[in-house]
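>>> fold the following.
(one chain, ligands or ions: 1)
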Amino acid sequence: MEKADFRDFVETVRERSDIVEVIGAHIHLDRHNKALCPFHDETNPSFSVDPKRGIFKCFGCSTYGDVFTFLQHHLKMTFWESLTMLAEQAGIPLPNMTPEKRKRIIDNRTIADIRFETAKFYHQGLTTEADNYLTEERRFTKETISRFMIGYANGGLRKHLVEECRFLLQLCLEAGVLKRDDNGKVRDYFYKRIIFPNLKHGRVVHLTGRSLNDQGPKYIHLPGEIQYLYNEDALYDKEVLITEGIPDCLSEVQAGYSAVAVLGTHQFKEEHRARFKPCTTVYVLMDGDDAGKQAAKKIGRILADKAIIVELPDKLDLNDYLKNHSQDDLRELKESGKAFLDLEVERLKACPENRRLEKIQEFLPVLADVSEFQRKHYTDVISREFKITKKTIKSYIQASRIQESQTEEGEQVEDKPSYTDQEEQEALELLKDPNLLERFNKMTEKLGCVGEENNKVMLYLAFTSRILDDPISLYIKGDSSGGKSFLVDVVSRFFPAEDVLAFTTITTKALYHRTDNLSHKVLIIYEREGAEESDYSIRSLQSEKKLTISLPVKDPETGRFETVDLEIMGPVAVIETTTKSHLHPENETRCFTLFIDDSEEQTKRIHKALITRYSGVRLPDLAELRVWQAAQKELKPHPVWIPYWKHLKFPTQPLRMRRDFLRFLTLIAVSTLLYQHQRQKATRDGVEYLIAGVEDYATAFVLGSSALGRAIKQLSPKAEELLDRVKSSVDGDLSKLLTRRDIRELVGWEHKTVVKYVKECVGQGVLEIGEGGNGKTYKYRFIKSPDETGGVLLHPRELQRLIETEELSNLSTPIQNADGQVNALNKSELDQPIQAIQRRTVPVTESPPVADEEEQLPLPLTNGQVGQVDSSDCTPNN
Ligand SMILES: [Zn+2]
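The predicted structure is shown next:
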């Protein structure tokens, strides 16, 4: 998993799991998401689920938590089990993880549990004095105190956590709630303080202690960096307030607003912006002093178009203000607030002219992340007010974006998994297994991905091809419920996570912003809706193997903007899933197309797999997948030699078959690469080649007879059905002319459907218009043979026979390997069938092969690229 750490992973799983759905699968929730509590006996429902905050809570027995907690309590699972189960259900692959990292995730969860238990303990320990302070001084209601679990630290925490709750002392110390004093004695971290736990999604993410009698610092926090704002659960509302202190925030929440607090004015950072995504308006209510004003400006810069700055009068903080003012006063005050961007423009106007340009340059980056509409508005305003061309303004904004993204990338530390010696050893053994692809298919079934053998193998080869200079790209087409993403997810788990980049939606900007190296990676793009914009980028990455963009960038020395060319280096293997049937043709021709199996049999297989999954069958150990990932690391790019290329038959019509033949050869080459630890090598002109086996041909052949067969023809299953039906009815006379009406009668479909698929067949060059037009009825006929793949492609057994007899005698000519030794091709290898993909029926051709290729044919395949050589020069060392 790229740069993201475990926290992101756990968060992603949480976000993608619908808590109502998860809990609703176990207990009956009414339409208000209430239920009889499963954790204590009751007759009136006091258990409720809050989907907005992602938590459940029981007012009867005080059980409280998130999706994971629910499964832990209800199914008596460990946290890890609940995490893997939900990740699986959400279709999120588990990231590469060392056992240490896994332990870290579990420990972190335990630390969160310790903090929660601490908050509960202190909440139950509220003294009368503390309670009076909260209710009288701060005017908090009982409900607020209970909802936010406000408590009082009065000692005794160690005994409670370690002796009663049996948490490991070490983890309690790590959680920060206990500490060792100078003499090594374990003590409470907070003592004689009001405790404000910070709750997020039902977890306690932080604790803050306020002194009651002004002894020591007013506020102290748990040690370590503060990552969250106080009460971030409020960030689901459109309108939110930001206050400076926790009591201010609670006063607002109590008055019915959604509010968060910054825990210290320096705490608000750039990365917080993303958390405000659901909010459209954010009122910034900092204290009325200079520090507060500075803080408001900083927050404004980060939230930009969302920020409304509200100034509190007379150096008051909000909690004080509300002691002498009503909520109506506050509403009026809020309405007097000014949009941060307007305030900035005012400031620029007030700025002395000689410093203004500099200030404008400082300001413009703020517009990089605002809405298109706002950016246009403020570009207009600044252009008009300060007589700067819009083009210049635009370049400032763009340049700042690139600079920002560059620093982000620079700071990013790649999280590369390292493999143990044993894992590498097992990986090598795996690569030496002739049944590697069969094992792969079995593993995918263990991961719940059943059927689709050919599609899975095709995907596996495409992922593997990323190491080539000319990788395979795939489109996976099918209905939205067909399980495309799941299929891709499962296959991607067999590859090192750092080699796979997934985009759920992709925009040109997203690609342009990746100025790092994409070279030899797999780019997964889920769904195509709204992604047309990025077509150009992807095409250029596929064809030019790099993407060049010109952008103005500020020279740090002169302060001037200069245009620089940024390059994003490919090549990349692109895997795209889509519900669309037609894609940009130029893009599509660089790709293979797979169609998801939508048969009823496949649905049955999926159902069966689902039943097994929830009946307690354990998923394969992650360690097993690590071996597969390590195996991919052992594969090296290598030029491939296909010694029998000349004898391969391939359709010669229509014209596009030339390119399709290259695709077919690419498949053979990728298979050879995958089996590189089992294939012979030969050196010629100082270049060492891997020699493709008949097995590699067989793989390409089987894929070519089903999935690839369609890919070659680029036909949808429906169009193929039309062709099949029509063909079987014309009695072998393929030149027969048919009207659309004839076809309609043959297939029995609606007129509209027939028109659509006839059009597709004509477009793909399998039907042609024989006569008609100019007012006459169109008549169609077959274009000969490209669809008769089985009849044209040489069957592997036939190829094997050729190799064994005289017909490919040049093949049995000894060839020199890298060590100068002379080896014959190992014929016994040819007897190894590729079982994983032989399950499907394969059309067998009995017709004798005809080698009729006169023209120059491409060969050899060098790192997947195809060179031209003289056809007389087709074997090494001849
Ligand atoms: Zn309960």
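>>> give me the number of residues near the residue nearest to G176 when sequence neighbours are not counted?
Spatially, and ignoring its direct neighbours in sequence, G176 is nearest to L222 (4.1 Å; C-beta to C-beta, 6 or more residues apart in numbering). (Glycine included, C-beta is placed from N, CA and C.) L222 has 20 neighbouring residues, counting by other C-beta atoms under 10 Å.
>>> surely L222 touches E174?
No - in this structure L222 lies outside contact range of E174 using C-beta atoms under 8 Å: 10.7 Å.
>>> setting aside sequence neighbours, what's the nearest residue to E760?
Distance criterion C-beta to C-beta, 6+ apart; nearest residue to E760, sequence neighbours excluded, is A719 at 4.6 Å.
>>> so which strand or helix has the one you found?
If you go by DSSP states H and E, A719 is part of helix 717-729.
>>> who touches the following helix or strand past that helix?
Using DSSP H and E, the next helix or strand after helix 717-729 towards the C-terminus is helix 740-747. The contact list for helix 740-747, computed with C-beta atoms under 8 Å, 6 or more residues apart in numbering, reads 721-722, 725-726, 729, 738, 751, 754-755, 758, 778, 780.
>>> pull out the buried residues from helix 740-747.
740, 742-744, 746-747 (16 or more other C-beta atoms under 10 Å).
>>> likewise stretch 31-38?
33, 35-38.
>>> and the angle for the helix holding A719 with helix 740-747?
With axes from the mean of the first three to the mean of the last three C-alpha atoms, to 10 degrees applied, the angle from helix 717-729 to helix 740-747 works out at 90 degrees.
>>> name the helices or strands packed onto helix 717-729?
Where contact means 3 or more C-beta pairs under 8 Å, 6 or more residues apart in numbering; DSSP states H and E, helix 717-729 is packed against helix 707-713, helix 740-747, helix 751-763.
>>> buried sites along it?
Result for helix 717-729 [16+ other C-beta under 10 Å]: buried residues 718-720, 722-723, 726.
>>> just those now: which is nearest P434?
Nearest to P434 among the buried residues of helix 717-729, counting by C-beta to C-beta, is E720 at 32.4 Å.
>>> where along the stretch 201-350 of the chain do the helices fall?
246-254, 290-303, 318-324, 327-335, 340-350 (DSSP state H, counting those that start in this stretch).
>>> by mean pLDDT, show me the worst of those.
Ranked by mean pLDDT, these bottom out at helix 318-324, with a mean of 79.
>>> identify the residues contacting it?
For helix 318-324, the surrounding residues in contact (C-beta under 8 Å, 6+ apart) are 138-139, 243-245, 247-248, 251-252, 255, 285, 287, 312-313, 330.
>>> top helix in this protein by residue count?
Across the chain, the longest stretch assigned as helix under DSSP state H is helix 99-124.
>>> got the contact list for the very next helix or strand once past it?
The helix or strand immediately downstream of helix 99-124 is helix 128-132, counting by DSSP H and E. The contact list for helix 128-132 (C-beta under 8 Å, 6+ apart) reads 145, 151-152, 194, 212.
>>> hang on, L171 in a strand?
No - secondary structure of L171 (DSSP: H, G, I helix; E, B strand; the rest coil): helix, not part of a strand.
>>> what's near enough to touch it?
For L171, the contacting residues are 107, 110-111, 114, by C-beta under 8 Å, 6+ apart.
>>> now render these as a markdown table, adding distance to the ion.
Shown next, in a markdown table, are the contacts of L171 (distance: C-beta to the ion, whole Å):
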| residue | distance to the ion |
| --- | --- |
| D107 | 28 |
| T110 | 23 |
| I111 | 25 |
| I114 | 22 |
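>>> out of those residues, who has the most neighbours?
Highest neighbour count within the contacts of L171, by other C-beta under 10 Å: I114, with 25 neighbours.
>>> walking through the stretch 1-150 of the chain, point out its helices one by one.
Ranges of helices in the stretch 1-150 of the chain, per DSSP H, counting those that start in this stretch, are 6-16, 19-24, 67-74, 79-89, 99-124, 128-132, 142-147.
>>> and the ones you listed, which is most packed in?
helix 67-74 (a mean of 22; mean count of other C-beta atoms under 10 Å).
>>> average pLDDT for that one, rounded please.
Per-residue scores along helix 67-74 average to 90.
>>> just list what that helix packs against, helices and strands only.
helix 19-24, helix 79-89.
>>> and the ones you listed: which comes nearest V13?
helix 79-89 (4.8 Å).
>>> possible to save the buried residues of stretch 31-38 as TSV with distance to the ion?
As requested, the buried residues of stretch 31-38 are exported to TSV (distance: C-beta to the ion, whole Å):
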residue	distance to the ion
N33	15
A35	10
L36	9
C37	3
P38	8
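>>> and those, which is closest to K484?
Closest approach to K484 among the buried residues of stretch 31-38 (C-beta to C-beta): N33, at 31.4 Å.
>>> contacts only, for that closest one.
Contacts of N33 (C-beta under 8 Å, 6+ apart): 20, 48-51.
>>> skipping adjacent residues, who's closest to it in space?
Distances taken as C-beta to C-beta, 6+ apart place V49 nearest to N33, at 4.2 Å, with adjacent residues excluded.
>>> so which elements touch the host helix or strand of E576?
According to DSSP H and E, E576 maps onto strand 572-578. Helices and strands touching strand 572-578, by 3+ C-beta pairs under 8 Å, 6+ apart, are helix 453-464, strand 473-477, helix 484-492, strand 521-526, helix 535-543.
>>> next, the angle from the third one to helix 79-89.
Yep, that's helix 484-492 we're talking about. 130 degrees.
>>> and the second one, by the same measure?
Here strand 473-477 points in a direction 80 degrees away from that of helix 79-89 (the same axes, to 10 degrees).
>>> up against the ion, what does the stretch 1-150 of the chain have?
Applying C-beta under 5 Å from the ion, we find that the stretch 1-150 of the chain lies next to the ion at 37, 39-40, 58, 60-61.
>>> tell me, how many neighbours does the residue in the stretch 251-400 of the chain that the ion sits nearest to end up with?
Proximity of the stretch 251-400 of the chain to the ion (C-beta to the ion) peaks at V253, 24.5 Å away. Using other C-beta under 10 Å, V253 is surrounded by 21 other residues.
>>> alright, that wraps it up for me.
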